[in-house]
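# let me see the structure of the following:
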Amino acid sequence: RENVRENVRENVRENVRENVRENVRENVREETIKLNNTQKKIINLIKQDKYITQAEISEKMNKTTRTIRRNMKMLQDENLIARVGSDTAGYWKITE
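Got it, this is the predicted structure:
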């Protein structure tokens with residue numbers, strides 16, 4: 001039993017450490033690259049669904065597809081997001 005408890009504690013510690021690291025990285029990047037609200041929302045939508053399309057983002061945010069494309073292009077240029085695979089079968093990746 002003690003081994004199981006210690007394993008659980010270590011797993012929790014590691015998960016907390018990783019979550020803290022990830023949050024620090026995201027906050028540092030956002031401060032360094034000064035994202036606007038649209039870009040932050042795009043990243044959050046991609047985090048929720050990596051297969052989301054630009055049209056779906058446009059609809060959810062009530063913005064034109066042109067606005068979404070322009071902001072996503074900036075996020076790609078800054079290496080914050082990347083497209084993996086094809087336009088039809090691929091997905092969006094939040095880059096490290």
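
# C-alpha only now, for contacts and for neighbours.
Will do.

# I'd like the distance between Arg1 and Asn11.
Computed as Cα to Cα, to the nearest Å, the Arg1 to Asn11 distance reads 15 Å.

# compare these two (neighbour count), which wins?
Neighbour totals were compared for Arg1 and Asn11, and Asn11 leads with 12 against 6 (other Cα atoms under 10 Å).

# which element is the more buried one on?
Per DSSP states H and E, Asn11 falls inside helix 2-33.

# do the same with Ala89
Going by DSSP H and E, Ala89 is not in any helix or strand.

# so how far is Lys50 from it?
Ala89 sits 11 Å away from Lys50, taking Cα to Cα as the criterion.

# those two: which has the busier surroundings?
The neighbour comparison of Ala89 against Lys50 (other Cα under 10 Å) goes to Lys50, with 17 against 8.

# in three-state terms, label that one for me.
Under DSSP: H, G, I helix; E, B strand; the rest coil, Lys50 falls in the coil class.

# hang on, Trp92 in a strand?
Yes. If the criterion is three-state DSSP, then Trp92 is within a strand.

# count the residues that sit near it.
Close neighbours of Trp92, defined as other Cα under 10 Å, add up to 19.

# cool, the one 3 residues further on as well?
Taking other Cα under 10 Å as the criterion, the count of residues near Thr95 is 11.

# pretty sure it contacts Asp77?
No. Using Cα atoms under 8 Å, Thr95 is not in contact with Asp77, being 11.6 Å away.
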